[in-house]
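A.B. asks: Predicted coordinates and the sequence they were generated for:
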Amino acid sequence: MEKTTRIVGSLAIAIGLFSTTLTSLFLIKPLRLFVFAAILTGLAGFICSNIYIFLNLRYRVSEKRMTPGMWGILFSSAPIVLILVTKLMHKS
């Protein structure tokens, strides 16, 4: 089970970083495709992070303070915050 949780945690971090990259591309060139893809990959990263946290809590694989699931949630939620901030800045 330790190998599975390690794979899911690494996948959550990778998807979260990819979604943050898509958001930064949106900030450079505002296309609706980047927004849709960033939100979709952010959601997928959030789901993978939650699966990792569930498996970690159930089987007590890691006792670290900041697990890969937490980093995945952080990276996956960053695009939503960045998109909201840019939309609010352009609105006023």
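C.D. replies: That came through, no problem.
A.B. asks: For the protein, which residues score under the pLDDT cut-off?
C.D. replies: Low-confidence segments of the chain (pLDDT under 70): 61, 92.
A.B. asks: center of it - which residue?
C.D. replies: Among the residues of the chain, the one closest to the centroid is Ser76, at 1.7 Å (C-alpha atoms, centre = their mean).
A.B. asks: Over to Gly42. Which of the three states is it?
C.D. replies: Here Gly42 is helix, with the state taken from DSSP: H, G, I helix; E, B strand; the rest coil.
A.B. asks: Counting neighbours, show which residues of the helix or strand hosting the residue nearest to the centre of the chain come out buried.
C.D. replies: Taking DSSP states H and E as the definition, Ser76 sits inside helix 68-91. Neighbour counts over helix 68-91 (16 or more other C-beta atoms under 10 Å) mark 68-73, 75-80, 82-83 as buried. The way it works is simple: take the backbone N, C-alpha and C, and place the C-beta from them, glycine included.
A.B. asks: And the residues you listed, which two are furthest apart?
C.D. replies: Pro68 and Ile83 (23.9 Å; C-beta to C-beta).
A.B. asks: Is it correct that Phe34 is in contact with Thr23?
C.D. replies: Yes - if you go by C-beta atoms under 8 Å, Phe34 and Thr23 touch, sitting 7.3 Å apart.
A.B. asks: Tell me which of those two has more neighbours.
C.D. replies: Ranked by neighbour count (other C-beta atoms under 10 Å), Phe34 and Thr23 place Thr23 first, with 24 against 20.
A.B. asks: Could you list which residues are in contact with the nearest residue to that one once chain neighbours are set aside?
C.D. replies: Excluding the flanking residues, the one nearest Thr23 by C-beta to C-beta, 6 or more residues apart in numbering is Pro79, at 3.8 Å. Contact analysis of Pro79 by C-beta atoms under 8 Å, 6 or more residues apart in numbering lists Ser19, Thr20, Leu22, Thr23, Ala38, Ile39, Thr41, Gly42.
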